[in-house]
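# Quick one: sequence plus predicted model below, questions after.
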Amino acid sequence: MKGESNVTLLEACKLLKVSRRTVSRYIKKGLLNPEINGNEYKFNRSDLLKFKKTKRTKKTNKTKPESDIISFLKEQIKGKDDQIKVKDEQIKELLERSRETNIMFNRLQNQLLLTGDKEEGKKDKEDKEDRQDKKEKGLNGFFKKLFNR
């Protein structure tokens, strides 16, 4: 076993294609178990190769839940599409009702304007008579008073 423990920390970094800091994290987590000779780490090459393979499979396992997430999101989008279609139909119905309401209001306004003209005509006649009375009271009234004396 000592014959296989000939990989240094730098060689382990190159073999795993990671930084020194990452290797030290692996050691702290207990993922790698090197032999410690003073201040130096010595790794078993076969252990590093096994770890490298398991590290790759772990990455592929991580992608599987992401595909589940993607399928979940697709289902959500499909559900949202159905909701959007329903909302579009509701909006169309509301717009049609709004148009009908506007048509009814226009008809009512026209009817009010037609009946309002008759009443306004009566008011105009009354206003003209009032104006004439005021005129007579104005200058004519003044002259009448002046010459009646």
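Great, that's in hand. Quick caveat: nothing in here was measured; it's all calculated off a predicted structure.

# any idea which helix or strand comes after the strand or helix carrying Ile103?
Using DSSP states H and E, the secondary-structure element containing Ile103 is helix 45-135. Following the chain from helix 45-135 toward its C-terminal end, the next helix or strand by DSSP H and E is helix 141-148.

# Look up how far Leu112 lies from Pro105.
That one is not Pro; residue 105 is Phe. Phe105 is 10 Å from Leu112, where distance means Cβ to Cβ, to the nearest Å. Just so you know, the C-beta spots here come from the backbone N, C-alpha and C atoms, and that holds for glycine as well.

# and if you look at Met104?
Counting by Cβ to Cβ - Met104 and Leu112 are separated by 13 Å.

# Centroid-nearest residue for the protein?
When Cα atoms, centre = their mean is applied to the chain, the residue found nearest the centroid is Lys80 (13.1 Å).

# what about that residue, distance to Asp68?
Taking Cβ to Cβ as the measure, Lys80 and Asp68 are separated by 19 Å.

# List the contacts of Tyr41.
With contacts defined as Cβ atoms under 8 Å, 6 or more residues apart in numbering, Tyr41 is in contact with 8-9, 12, 27, 34-35.

# Can you classify it as helix, strand or coil?
For Tyr41, the reduced secondary structure class is strand; criterion used: DSSP: H, G, I helix; E, B strand; the rest coil.

# And stretch 7-15, what's buried?
Within stretch 7-15, the residues that qualify as buried by neighbour count (16 or more other Cβ atoms under 10 Å) are 7, 9, 12-13, 15.

# ugh, wrong one, I meant stretch 46-58
Those buried within stretch 46-58 under the rule 16+ other Cβ under 10 Å are 47-48, 51.

# so can I have JSON lines of these showing distance to Ile91 and pLDDT?
Shown next, in JSON lines, are those (distance: Cβ to Cβ, whole Å; pLDDT from 0 to 100):
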{"residue": "Asp47", "distance to Ile91": "65", "pLDDT": "87"}
{"residue": "Leu48", "distance to Ile91": "63", "pLDDT": "88"}
{"residue": "Phe51", "distance to Ile91": "59", "pLDDT": "88"}
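
# No more questions from me, cheers.
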